[in-house]
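> missing the sequence, but the structure's below:
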């Protein structure tokens, strides 16, 4: 693994916070996910960076060296990004939007494109999109995050578009297909199809399964179309956003007790055009997707605290 600036940010955050758990909260990550990343960083650097006990995390001699370098390199890299953004971010005649896979982008583009040109960029990596916005290559980043995580680390302003439950997709022949909702524990013996992401959702899913009394079995990490195919043929079930529009042969079911939540977030470059208006259009695009989902609309009648943020 090559050392990246985000790895130095993690090391600096742990040193500043004095513990991995506090740093995880500041970075908007689950503690197991941050611990795993720290171990990978330590393997790349060839030694332990922190001594950890019940009092917190203290830098080793190697850790002190890395932290000292990080405190020099990170501000220098940020200064370079700011200068590059000022140089490259000439006024745009339209909107440049990056997004991970989700239900809002199409409706947002449709709304924005009535007045100005819109260009889009998609990636499964939220980190990549955030970097592109920081560098001034995109005006906005439309991403998702686990419902219990904080805003992404960094200097971008972020706004919440919605808070949604996570549902599950099953085939029409699945034994639970006729139910109103399904317990996560009832899916203990299933195989799972998931799309890749670089946040903490995988850890949150594992924790939810543990609370339900099982460890998930085979997990197929693949693109959206392959996930759908695996569910259609009964090879797997899949977690999905509540605004998802199921393809033929699929049934979307709420998970009893809402063990998993998903937030849609909009981040922007400081000089992004008409930011407040774009946020309002993104929220309206989400509201439109909810209206098209009879299952989610019915679920919202019985469950408060979810849906589009007003």
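That came through, no problem. From a predicted model like this one, the values you see are computed outputs, not experimental measurements. Numbering: from 1, shown residues only.
> How many residues are close by residue 184?
23 (other C-beta atoms under 10 Å). (Glycine included, C-beta is placed from N, CA and C.)
> scratch that, residue 204 is what I was asking about
Residue 204, neighbours per other C-beta under 10 Å, totals 22.
> The closest residue to it other than its chain neighbours and residue 105, how far apart?
Nearest residue to residue 204 in three dimensions, chain neighbours excluded: residue 146, at 4.7 Å (C-beta to C-beta, 6 or more residues apart in numbering). Here residue 146 is placed at a distance of 19 Å from residue 105 (C-beta to C-beta, to the nearest Å).
> quick one, which of those two is more surrounded?
Legend: neighbour count by other C-beta under 10 Å for residue 146 and residue 105, higher for residue 146 (23 against 19).
> mind checking how far residue 17 is from residue 65?
Note on residue 17: its distance to residue 65, by C-beta to C-beta, is 19 Å.
> Looking at the two, which has the bigger crowd around it?
With neighbours defined as other C-beta under 10 Å, residue 17 and residue 65 compare such that residue 17 has more, 17 against 14.
> Looks like that one contacts residue 26 (just checking).
Yes. If you go by C-beta atoms under 8 Å, residue 17 and residue 26 touch, sitting 6.0 Å apart.
> Run through the residues that contact the residue nearest to residue 204.
Residue 146 sits next to 30, 199-201, 204, 260-263 when contact means C-beta atoms under 8 Å, 6 or more residues apart in numbering.
> I'd like those laid out as CSV, including secondary structure, distance to residue 296 and pLDDT.
Conversion of the contacts of residue 146 to CSV gives the following (DSSP: H, G, I helix; E, B strand; the rest coil; distance: C-beta to C-beta, whole Å; pLDDT from 0 to 100):
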residue, secondary structure, distance to residue 296, pLDDT
30, coil, 26, 90
199, coil, 22, 73
200, coil, 24, 75
201, helix, 19, 80
204, helix, 20, 89
260, coil, 14, 94
261, strand, 13, 93
262, strand, 12, 91
263, strand, 15, 92
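> just checking, what packs against the biggest strand by length in the chain?
The single longest strand within the chain, with elements called by DSSP state E, is strand 158-171. The contact analysis (3 or more C-beta pairs under 8 Å, 6 or more residues apart in numbering; DSSP states H and E) places strand 158-171 against helix 224-232, strand 237-241, strand 250-253, strand 261-268, helix 275-292, helix 294-302, strand 307-308.
> Format those as a markdown table; extra columns: distance to residue 218 and mean neighbour count.
Shown next, in a markdown table, are the helices and strands packed on strand 158-171 (distance: least, C-beta to C-beta, whole Å; neighbours: other C-beta atoms under 10 Å):
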| stretch | distance to residue 218 | mean neighbour count |
| --- | --- | --- |
| helix 224-232 | 10 | 18 |
| strand 237-241 | 11 | 23 |
| strand 250-253 | 19 | 20 |
| strand 261-268 | 23 | 22 |
| helix 275-292 | 30 | 18 |
| helix 294-302 | 27 | 14 |
| strand 307-308 | 33 | 20 |
